[in-house]
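Engineer: Got a sequence here, can you model it:
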Amino acid sequence: ALARRVATNVCVYNFGTPFYYSTQERLRFERLLGQGIVPHAAVFVDGLNDFTRPDDTPAHREWFVEAFEAANKKKSLLPALVQELPAARLVRSITGRVRVPVRHDRATLPAKAARVIATYCENKLMIESLIAAHGVAPVFVWQPIPRYNYDLKYFPWYHTLRNAYTQEPHAVGYPQMRALYDRGALGTNFLWCADLQADEHECLYVDWEIRGRKTESIQVSYPALLN
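Structural biologist: Numbers count the residues shown, from 1 in each chain. Below you'll find the predicted structure:
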């Protein structure tokens with residue numbers, strides 16, 4: 001889509017990593033700049049993963065903690081090794097697609113969401129400082145997710161996950177971000193793309209959080225991304 005809209009040759013590199021959110025993106029971007037890799041522009045797409053880690057710790061941190069504790073206590077690592085056998089990994093890959101998200105106490109959701117947003121805004125500010133020092137054009141994109149402004153009758157996993165969806169930080173975090181955006185508090189380099197699927201009347205997802213090709217095409221074709 002980009003090649004058809006611009007006259008010059010453009011090289012696009014995708015550094016997207018599963019489970020990453022703004023803190024890890026900032027650290028990776030710092031490392032790239034430190035290695036002398038300075039792009040003309042950098043696009044940061046966030047929203048989904050940020051609210052899955054309201055305590056600002058990396059995904060799977062708990063697994064590493066358990067592994068270190070087991071090693072320190074000289075526990076047998078055999079159960080962990082068994083889990084890495086091909087059959088066990090296959091089972092995990094299947095069950096992982098239909099796993100139910102962690103449920104949160106609804107009373108704590110506004111505070112958790114506010115903490116996530118504060119972390120995002122601080123990371124955005126630090127990235128902007130790095131970008132200004134290196135002459136990079138930034139774009140910060142807030143991505144669509146199924147539980148915000150999307151007709152869930154087209155979402156096959158809704159009946160399984162609807163109770164969990166009302167108990168996630170996303171449920172209150174996205175409206176909070178929208179309010180910040182409407183007030184102009186997120187700056188002119190911030191693009192609100194979370195409403196792009198509002199008028200789509202078909203299934204746009206390949207599982208409970210991964211968008212299909214059509215949704216990606218809608219987002220890539222968003223005119224402001226090409227200006």
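Engineer: Please enumerate residues in contact with stretch 57-64?
Structural biologist: Applying C-beta atoms under 8 Å, 6 or more residues apart in numbering, the external contacts of stretch 57-64 come out as 18-19, 24, 49, 52-53. Placement of C-beta: from N, CA and C, glycine included.
Engineer: out of the residues you listed, which are buried?
Structural biologist: 24, 49, 52-53 (16 or more other C-beta atoms under 10 Å).
Engineer: Mind checking which of these are in helices?
Structural biologist: Among these, DSSP state H puts Q24 in helices.
Engineer: Compile the buried ones among the contacts of stretch 57-64 into CSV and extend it with columns for distance to A171 and pLDDT.
Structural biologist: Listed next are the buried ones among the contacts of stretch 57-64 as CSV, based on distance: C-beta to C-beta, whole Å; pLDDT from 0 to 100:
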residue, distance to A171, pLDDT
Q24, 23, 96
N49, 16, 92
T52, 13, 89
R53, 16, 88
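Engineer: Return the closest of the buried ones among the contacts of stretch 57-64 with respect to L33.
Structural biologist: The shortest gap between L33 and any of the buried ones among the contacts of stretch 57-64 belongs to Q24, at 15.1 Å (C-beta to C-beta).
Engineer: could you dump the contacts of stretch 57-64 to CSV with distance to Y120?
Structural biologist: Below are these laid out as CSV (distance: C-beta to C-beta, whole Å):
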residue, distance to Y120
P18, 18
F19, 16
Q24, 12
N49, 11
T52, 13
R53, 11
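Engineer: Tell me the one of those residues nearest H170?
Structural biologist: Using C-beta to C-beta, those come closest to H170 at T52, 8.3 Å.
Engineer: Quick check: that closest one vs E25, distance?
Structural biologist: 14 Å (C-beta to C-beta, to the nearest Å).
Engineer: Likewise for N149?
Structural biologist: Taking C-beta to C-beta, one finds N149 at 24 Å from E25.
Engineer: ok, these two, which is more surrounded?
Structural biologist: Remark: of N149 and E25, E25 carries more neighbours, 22 against 16, as counted by other C-beta atoms under 10 Å.
Engineer: Tell me the spacing between the residue nearest to the more buried one when sequence neighbours are not counted and A3.
Structural biologist: Excluding its sequence neighbours, the residue lying closest to E25 (C-beta to C-beta, 6 or more residues apart in numbering) is F44, at 5.6 Å. Here the criterion is C-beta to C-beta. By it, F44 lies 22 Å from A3.
Engineer: higher neighbour count, these two?
Structural biologist: Using other C-beta under 10 Å as the criterion, F44 and A3 rank with F44 on top: 21 against 10.
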